[in-house]
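Colleague: Model the following, please.
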Amino acid sequence: MKKTDKINLKSNIRRIPEFKGVVFWDITTLLKDPACFKETIKQLADHYRNKKIDVIVSNEARGFIIGAPLAYELGVGFVPIRKKGKLPYKCLDYTYQTEYSNDTIQIHQDAISKGQNVLIIDDLLATGGTVKANVELVEKLGGKVVGIGFLIELGYLGGRKVLGDKHEIYSLVEYKTPSDV
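Modeller: Predicted coordinates:
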């Protein structure tokens, strides 16, 4: 590849048609390629570089893979949201409904200061439930969500509708149907 060639991120994501009953979009093929991984972080950073962001928040585990290097690139802090029982300090909990059950996530009570500008980053927007829970936690701590970003958006699952239009939503790659490639 020449330096002037733009990397097609979508073509570096593997489609697995039947994984636990769903179409699975596998980002490990993109992550293992240093140029693709670097381009992913660069494109996200370029989109958010001129926004006033104090901290990036990401949900475990794959959100960390995108959120932490993006925070590093933008020179801002990084805050993890984890499943209940994984964080060692005093936490704020949020329980939400998933497609199959309830799930509880946590954030340290002192992770976000009142009025901080927070960018929420995850690898994938599917039905929107987990990211909406992330927004709720950040806002309960007094943070101001200034954007929500993703590597992949599964447009056919309606996650944007669940999140509403209160926050800017940005994704690098969108799949409009399960058979989209």
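Colleague: wait, doesn't G129 sit right on Y94?
Modeller: No - under the criterion of CB atoms under 8 Å, G129 is not in contact with Y94, lying 11.0 Å apart. To be clear about C-beta, it is placed using only N, CA and C from the backbone, and glycine gets the same treatment.
Colleague: Comparing those two, which residue is more hemmed in?
Modeller: Y94 (20 against 16; other CB atoms under 10 Å).
Colleague: what secondary structure does that one sit in?
Modeller: Classification of Y94 by DSSP: H, G, I helix; E, B strand; the rest coil places it in strand.
Colleague: quick one: what helix or strand has the most centrally placed residue in the chain in it?
Modeller: With distances taken as CA atoms, centre = their mean, D122 lies nearest the centre of the chain, 1.0 Å away. Secondary structure from DSSP states H and E places D122 in strand 117-125.
Colleague: Same question for D46.
Modeller: helix 34-48.
Colleague: Distance from the chain centre to that helix, please.
Modeller: Mean-position distance between helix 34-48 and its chain equals 14 Å (CA atoms, centre = their mean, to the nearest Å).
Colleague: got the buried residues for that helix?
Modeller: Residues 36-37, 39-41, 43-45, 47-48 are the ones in helix 34-48 that count as buried (16 or more other CB atoms under 10 Å).
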